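**Student:** sharing a sequence plus its predicted fold:
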Amino acid sequence: MGGVGITWIRSEFENCSVVRPCGELDVLTYRRLSDDLVKYAVEQPRAVIVSLVDLTVTADTLMTAFSSAWMRIGTWPAVPMVLVTSSSALRDRLRSSSVDRFVPVFPTIAEAVAGLAGQPARRRVFIDLARSPACARRARRFAYETCERWSVPEVCGHAGLIATELVENSLLHADRGDDIGLRLELRGGVLTVAVYDADPHEAVLRESASGVHQAGGLHIVSRFAQAWGCSPRWPAGKVVWATLRTGSRAG
């Protein structure tokens, strides 16, 4: 993955995604760097650890690319993001830019991982859905069965409804040749229903030009979900997600 002027080196450590941006963070690469961090988080590792050893930041105001990405992933996928730099000068710049108020900064990757202790447990299942007339029905049944298995029957109906609407929306807008993915996750008393496809266009809630209330699609999702949104997906495509509050906690 890479943007103009920035390339990425990626590795895994203790179930975390360790990413190293190489190049210059400037006004041209600001948005792409933030977008790429969101894409890494959407894959839902234990955490995204950003090593800054090979990144040159041309102005302190551009440090907000990291806090911007942190805010975008806060509701979902709610994956922790931390920064790592051994440079005391760079840590001072992050502090003066107030970035460390939002994104924790550690001197080493090992210390960053140690700082993740106590994070809520996460339960996750997913299914790939081949395009067919039964696609949405399969999604609804999968959501129902998952909620029952995880002992959160209070959100079973809304989870099934949201899964149905998100899959039908994907069937309507994404390329016909691509399968659709459905993912459910329970973490800290929040159930997330997420549908991903290869279409890069952002899902948008559109109001009727006539002002007549619409009762289907994303309008259903926005009505019943605690929160919902659309995030870019690596290497291409998008994830449309919605969250529901439960009376249970994962783990």
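**Tutor:** Happy to help now that I have it.

**Student:** show me where pLDDT drops low in the protein?
**Tutor:** For the chain, applying pLDDT under 70 flags the ranges 1-4, 175-177, 206-216, 248-251.

**Student:** all strands for it, in order.
**Tutor:** 2-3, 6-13, 16-25, 48-51, 55-57, 81-84, 105-106, 122-129, 180-187, 190-197, 227-232, 238-245 (DSSP state E).

**Student:** buried residues, the fifth one. List them.
**Tutor:** So that's strand 55-57. For strand 55-57, the neighbour count (16 or more other C-beta atoms under 10 Å) marks Leu55, Val57 as buried. For the C-beta atoms, the positions are set from N, CA and C on the backbone; glycine is no exception.

**Student:** by contact count, what packs against that strand?
**Tutor:** Applying 3 or more C-beta pairs under 8 Å, 6 or more residues apart in numbering; DSSP states H and E, we find strand 55-57 packed against strand 16-25.

**Student:** buried residues in the strand it packs on?
**Tutor:** For strand 16-25, a neighbour-count test (16+ other C-beta under 10 Å) marks Cys16, Ser17, Val18, Val19, Arg20, Pro21, Gly23, Glu24, Leu25 as buried.

**Student:** now the fourth one: how far from Asp54?
**Tutor:** Taking C-beta to C-beta, to the nearest Å as the measure, Val19 falls 11 Å from Asp54.

**Student:** tell me what Leu129 is bridged to.
**Tutor:** Ile180 (DSSP bridges).

**Student:** surely it and Val167 touch.
**Tutor:** Yes: between Leu129 and Val167 a contact is recorded at 6.6 Å, counting by C-beta atoms under 8 Å.

**Student:** ok, these two, which is more surrounded?
**Tutor:** Comparing Leu129 with Val167 by other C-beta atoms under 10 Å, the one with more neighbours is Val167, at 27 against 21.

**Student:** which residues of this protein fall in helices?
**Tutor:** For the chain, the helices defined by DSSP state H cover 30-42, 64-72, 88-96, 109-114, 135-149, 156-173, 218-224.

**Student:** quick one on the thing from earlier: and the buried residues of strand 16-25, which two are furthest apart?
**Tutor:** Across the buried residues of strand 16-25, no pair lies farther apart than Cys16 and Glu24, at 25.3 Å, counting by C-beta to C-beta.

**Student:** sounds good, over and out.
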